[in-house]
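>>> One predicted model, sequence on top.
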Amino acid sequence: MHISGSSKLLFCFLVCTALATPPYSFAQKTPADYVETRIGTAPSTTESARLHSEAGSELKGQTMPAVGTPHGMTQWTPQTRATETKCIAPYYFNDTKFQGFRGTHWLNGSCVQDYGTLTVMPMSGELKVNPELRASAFLHEKEKTSPDYYGVFLEDYKINAEVTATPRAAMMRFRFEGGDENFIVIEPNSDEGEGFVEVFPERGEVVGYNPVHRIYQGSGEHAGFSGYFVLKFDKKITQFGVWKGDTILPGGRDLTGKGQREKLGAYVGFGVAGQIINVSIGTSFTSLEGARLNLEKELTGKTFESIQKNTKKLWNEALGKVQVKGDEKDKILFYSALYRTKLSPRLFSDSDGKYPSFAGGTPLEKADGFDYYCDYSMWDTFRAAMPLHHLLEPRQSGDMMQSLVKKAEQGGWMPIFPCWNQYTAAMVGDHSASVIADAYAKNIRNFDLNSAYTYLRKNAFEANTNPKSYREGKGRRGMESYLKYGYIPLEDSVWQAFHKREQVSRTLEYAYDDFALSVLAKGLGHKEDAEILQKHALNYKNVIDPATGYARGRYADGSWIKSFDPFVKRSPFITEGSPAQYTWFVPQDIAGLSKIMGGYQPFTNKLDTLFEQGHYWHGNEPNHQIAYLYAYAGQPWKTQKWVRKIISEEYDIGMGGLSGNEDGGQMSAWLAFSMIGMYPVAPGTPEYVLGSPVFPEVVLNTGKGKKFVIEAKNVSEQVLYIQSATLNGKPFARTYLTHDELVNGGRLVLQMGSEPNTKWGADVKNAPFSMSR
C-alpha cells in the first residue's frame, strides 16, 4: 500500500515505541494497540479530495482522537476549537494549543454540530477562563493516544493531563509539576450562553448542564433536553468561583446563562503543592441525578488504571471480532478504521434505562430490555457501517433497530436522519428502511418488527400533508410527486429540507429504499404491499436517460433537461456529486441498469470511463459501491484492481489519511470491509460482493464459536487478482458470499496472482442478486 512520508515517520515512531516498551512487542500487540485515533484530524492528503472537494470541510476527515467505549454515550477528546458550531470538530491536528478535555457528542467525521458538551481544563499560576487565553502549547510527540486513553503534557503549565472513560463517565488525572496555584476550569460549551454551573466545595463537586439546540429542521430551537454533568474531585477544594465572559466571581457558587452568547463556567483551586488530582465525571441526557447515577454505577471503587484496563478490554473484544494476519502498517490502517466505525450511533440511555423521549425530550422514557441509541448518520452509514454492525454485533444492532422503532412510536413517523434525538431531514433518501430490512435479512430479530414495518410503510406509502409536522422533518420529502409520477420532477423543489432540490438523487434513493422495504414486507407476509414496493423499486428507470445511459433531470411532462453534462462536478438535481457518479446508485437492480445502457459491455465501458478519466470521487458516499459493480457484469478482476487502487490511494495512516469526511464511520467501514475482501453493495440482500483481500488471512468471529476464514494465498500489493477459489474445499465461482455462509463458519481460499484471470467469475449467472436477473 502507499504510505506517505509523514506516515512513514509515524509508522517508525509506532514501531520503535512498540519494540522499546514491553510488553508491546509485535507478538503481544492486541487490536487496540494498532489503533491510531488521530487519522483524519488533518486536511486530506489524497489527490481525489483535492480534485473533487468544494467546501473546505470536504477536505477534512473531521475525526477526533476519541476516548471511550464502543458506541459510548460521551466520548472524550482534546479540544483545540472552543465551539459547538456546525462543521467545526473539537480537535484539529494542525492546531497548536490545547484548551481542555471535552466531553463530546460530536458525530465523528461529520459536518453537523456538537451538542450538550463540557470542557475541563487544568492550569497553574494565573487563573484564565477564556478558552483561547487559557490554552496551553502541546507537542504531538508527547501525545499518547489510544481508544481507551489520551495523555498529553501541557507545556505552559507543566501539567501531565490524562483521561480514560466508561460508556457514560470518565476519569481524568492531572499531575501538577509546578509550584504555582493549581486550578481546574469547567465550562459548559453553550454557544448560546445558556449553560448552568454550580459548585459544592464542601463535598468536592461541580455540577451543570448545557442545553441542546437543533439545526436543520427547527434550527436554533431547543431540542428539549440538555447534556448534564457531575464532577467529583479527590482533593480538597481550597478556593472556587464562577465566571461569565471575562468576569471572574471568586466564591460564587452558581451561575445560569441568560442566552446572550456569553461563555460561562466554574473553577476550583487546590493550593500550590505539586500534586495529582483525579476527577470523576458522570454524564447524562436526562438530569443531574442521571449523571450522578451514571458516575456512581460506572466509577465507584475504581482507579484510573482499572478503568483504562477494562475499557481496553472492551475495545479488544469489539475489534477482535475480526482477526487479521499480515503487514504491520496494514494492521494499523485496518484496526484504526474499525475503531472509527464504532463511535456512533451513540448510547443515549442512562444506566437505569432512562432517556429523553424522541423529538421533544419529555416525558422521560425507559428502555426496557434494550439500550437506546441515537445519532444515526443514516444517509452515510446505511451503505456499509450499519451492515458491518449487523455482521459483527447482531445483538447490539437489534437494540439500535429497536431504538429507531421507539423514535417512530414517540414521534409519529419513522425518522430519516435522526440526530440529537430529533427529526432533521438533513439528507435525501429514507434509509431507516434499508438498515431495518438489512437487519431482518440477516436474521436479527430482537426488535419489534411489526411496529417497525407499520412506520416504514407510512413513510413509503403516505405523503405528509400536515405542514407543521412536515416542517419538523417528518415524512419523506417530495413524496406527492414521487407517488404521482414515479419520480420527482425538476419543478418540485424541496424547501423544507437541508438539501432543497436534488430530485434525481431522491428518486434513485427512494426506489432503492422501496426495494429494501419490499424485502421486509414479503418476510412479514404483506404480499400486496411487497408487490407494490417492488414496482416502486423500478422507479430508477424513470431518471436514467436511455439516450445517454446516465441519470438525468426530468420534468413533469416527461422531457429531459436539455443542458446536460454527466461529468459536471455538481448538479442541482444530484446530491453532492455528478450525474455520472449517481447513475450507479441502483444497488437493487444492476442487471436492469445495464440493460438501459445497452448491455454489460456498454455498462463496463461507462465504468471504465468513470475510473480511468478521474471522475470517481471516493470522498463522498454515493460512489462507494461503484468499484464493486464490475462483479455484476462478468469482469470481477476490474473490481479487484480498482478496490486495491482505492485502498492504496485514498487511505493512509497519516493524520490526513482520509479522502473526505468520515461521516459517522462510513468511510472507514468501506475500508474495513474492502481490506477483509468484500462489500455489502445492496443492504437488504444477504450478500457481500467479493473484492481483493489485503491480508493473507482474515478470521471473522461471527458468534456462537463460529469462525469464517478468508485465506488469500500469496497476496501482496502487486499480487491482487483472484485466480481461483474454493469454499470449504469445493471449487467456488460466485463473486459473492452470503450472510449465512459467514455466520455459519467456513473457509474461503483464494489463490492470488499478479495478472488478472479474466475467466474467474466471468459468468454472470455467478453474479450477485439483481431484481431483473
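In hand now; what should we look at?

>>> what's around R395, how many residues?
Residues within reach of R395, counting by other Cβ atoms under 10 Å, total 10. (Glycine included, C-beta is placed from N, CA and C.)

>>> same question, R292
18.

>>> Please name the nearest non-neighbouring residue to it.
With Cβ to Cβ, 6 or more residues apart in numbering as the measure, V230 is the residue that lies nearest to R292, at 4.8 Å, once sequence neighbours are left out.

>>> next one: N189
Of all residues not flanking N189 in the chain, T117 sits nearest, at 4.6 Å (Cβ to Cβ, 6+ apart).

>>> just R253 next, same as before
What sits nearest to R253 in space, not counting adjacent residues and going by Cβ to Cβ, 6+ apart, is V199, at 5.2 Å.

>>> Quick one: classify that neighbour as helix, strand or coil.
strand (DSSP: H, G, I helix; E, B strand; the rest coil).

>>> In contact with the most centrally placed residue in the chain, which residues?
Centroid check for the chain by Cα atoms, centre = their mean gives G664 as the closest residue, at 1.5 Å. Neighbour list for G664: 107-110, 343-344, 375-377, 380-381, 385 [criterion: Cβ atoms under 8 Å, 6 or more residues apart in numbering].

>>> longest strand anywhere in this structure?
Longest strand in the chain by number of residues (criterion: DSSP state E): strand 222-233.

>>> What residues of the next helix or strand after that strand count as buried?
Using DSSP states H and E, the helix or strand that follows strand 222-233 in sequence is strand 239-244. Neighbour counts over strand 239-244 (16 or more other Cβ atoms under 10 Å) mark 240-244 as buried.

>>> by contact count, what packs against strand 239-244?
strand 196-200, strand 247-250, strand 254-256, strand 264-269 (3 or more Cβ pairs under 8 Å, 6 or more residues apart in numbering; DSSP states H and E).

>>> So the residue nearest to N189 sits against N210, correct?
Yes: in this structure, T117 is within contact of N210 by Cβ atoms under 8 Å, at 6.2 Å.

>>> More neighbours: which of the two?
Using other Cβ under 10 Å as the criterion, T117 and N210 rank with N210 on top: 29 against 26.

>>> Y335 touches K29, doesn't it?
No: Y335 lies out of contact with K29 (Cβ under 8 Å); the separation is 9.7 Å.

>>> of these two, who's got more company?
Ranked by neighbour count (other Cβ under 10 Å), Y335 and K29 place Y335 first, with 25 against 15.

>>> Next, the contact list for S403, please.
345, 348, 367, 370-374.

>>> So which of those residues are in helices?
When the contacts of S403 are checked against helices using DSSP state H, none is located there.

>>> Now render those residues as a markdown table, adding distance to G218, neighbour count and pLDDT.
Formatted as a markdown table, the contacts of S403 follow (distance: Cβ to Cβ, whole Å; neighbours: other Cβ atoms under 10 Å; pLDDT from 0 to 100):
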| residue | distance to G218 | neighbour count | pLDDT |
| --- | --- | --- | --- |
| P345 | 21 | 28 | 98 |
| F348 | 19 | 25 | 98 |
| A367 | 25 | 20 | 98 |
| F370 | 27 | 20 | 98 |
| D371 | 26 | 18 | 98 |
| Y372 | 21 | 26 | 98 |
| Y373 | 21 | 27 | 98 |
| C374 | 16 | 27 | 98 |
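
>>> so where do the strands sit in the stretch 251-400 of the chain?
254-256, 264-269, 275-284, 322-325, 346-347, 354-357, 361-366, 373-374 (DSSP state E, counting those that start in this stretch).

>>> picking up where we left off before, ranking the helices and strands packed on strand 239-244 by burial, who's on top?
Mean neighbour count (mean count of other Cβ atoms under 10 Å) peaks for strand 264-269 among those, with a mean of 25.

>>> which other helices and strands contact it?
Strand 264-269 packs on strand 182-188, strand 196-200, strand 205-213, strand 239-244, strand 254-256, going by 3+ Cβ pairs under 8 Å, 6+ apart.

>>> How much space separates Q581 from P566?
9 Å (Cβ to Cβ, to the nearest Å).

>>> Between those two, point out the one with more neighbours.
Using other Cβ under 10 Å as the criterion, Q581 and P566 rank with Q581 on top: 26 against 22.

>>> That one: which element?
Using DSSP H and E, Q581 maps to helix 579-582.

>>> after that helix comes which helix or strand?
Note on helix 579-582: by DSSP H and E, the next helix or strand toward the C-terminus is helix 590-597.

>>> before we move on, the earlier item: of the helices and strands packed on strand 264-269, which is nearest L700?
Among those, the nearest to L700 by Cβ to Cβ is strand 205-213 (37.9 Å).

>>> Can you tell me which helices and strands that closest one packs against?
strand 182-188, strand 196-200, strand 222-233, strand 264-269, helix 288-299.

>>> Out of those, flag the one nearest M64.
Of these, nearest to M64 by Cβ to Cβ is strand 222-233, at 16.5 Å.

>>> which residues sit in contact with the residue lying closest to Y550 once chain neighbours are set aside?
In space, Y550 comes closest to P566 once its chain neighbours are excluded; the distance is 4.1 Å by Cβ to Cβ, 6+ apart. P566 is in contact with 548, 550-552, 578-580, 583, counting by Cβ under 8 Å, 6+ apart.

>>> Kindly recompute the last result at 10 Å.
545, 548-552, 574, 578-583, 606, 609-610, 615 (Cβ atoms under 10 Å, 6 or more residues apart in numbering).

>>> repeat for M400
Counting by Cβ under 10 Å, 6+ apart, M400 touches 71, 345, 370-374, 376, 386, 389-390, 393, 435-436, 439, 444, 447.

>>> residue boundaries of the helices in the stretch 501-650 of the chain?
For the stretch 501-650 of the chain, helices defined by DSSP state H, counting those that start in this stretch occupy the ranges 503-523, 527-536, 579-582, 590-597, 600-612, 636-650.

>>> could those be laid out in TSV, adding distance to R261 and mean pLDDT?
Converted to TSV, the helices of the stretch 501-650 of the chain look like this (distance: least, Cβ to Cβ, whole Å; pLDDT from 0 to 100):
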stretch	distance to R261	mean pLDDT
helix 503-523	36	98
helix 527-536	47	98
helix 579-582	40	97
helix 590-597	51	98
helix 600-612	47	98
helix 636-650	40	97
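
>>> Please name whichever of those is nearest to V268.
Once the helices of the stretch 501-650 of the chain are compared by Cβ to Cβ, helix 636-650 is nearest, at 46.5 Å.

>>> Heading C-terminal from the closest one, find the next helix or strand.
Following helix 636-650 toward the C-terminus (DSSP H and E): helix 666-676.

>>> Listing partners with orientation, what would you give for the helix or strand following that next one?
Using DSSP H and E, the next helix or strand after helix 666-676 towards the C-terminus is strand 678-679. Strand 678-679 sits in its sheet next to strand 687-690 (antiparallel), going by DSSP bridges.

>>> Check the offset of the partner strand from the chain's centre.
21 Å (Cα atoms, centre = their mean, to the nearest Å).

>>> now the angle from the very next helix or strand once past that strand to helix 666-676?
Once strand 687-690 ends, the next helix or strand along the chain (criterion: DSSP H and E) is strand 697-703. Relative orientation of strand 697-703 and helix 666-676, computed by axes from the mean of the first three to the mean of the last three Cα atoms, to 10 degrees: 120 degrees.

>>> For strand 697-703, buried residues please.
698-702.

>>> Downstream of that strand, the next helix or strand is which one?
Past strand 697-703, the next helix or strand by DSSP H and E is strand 706-713.

>>> so for that next one, what's the average pLDDT?
Mean pLDDT, strand 706-713: 97.

>>> what is the mean pLDDT for stretch 450-465?
On average, stretch 450-465 scores 98.
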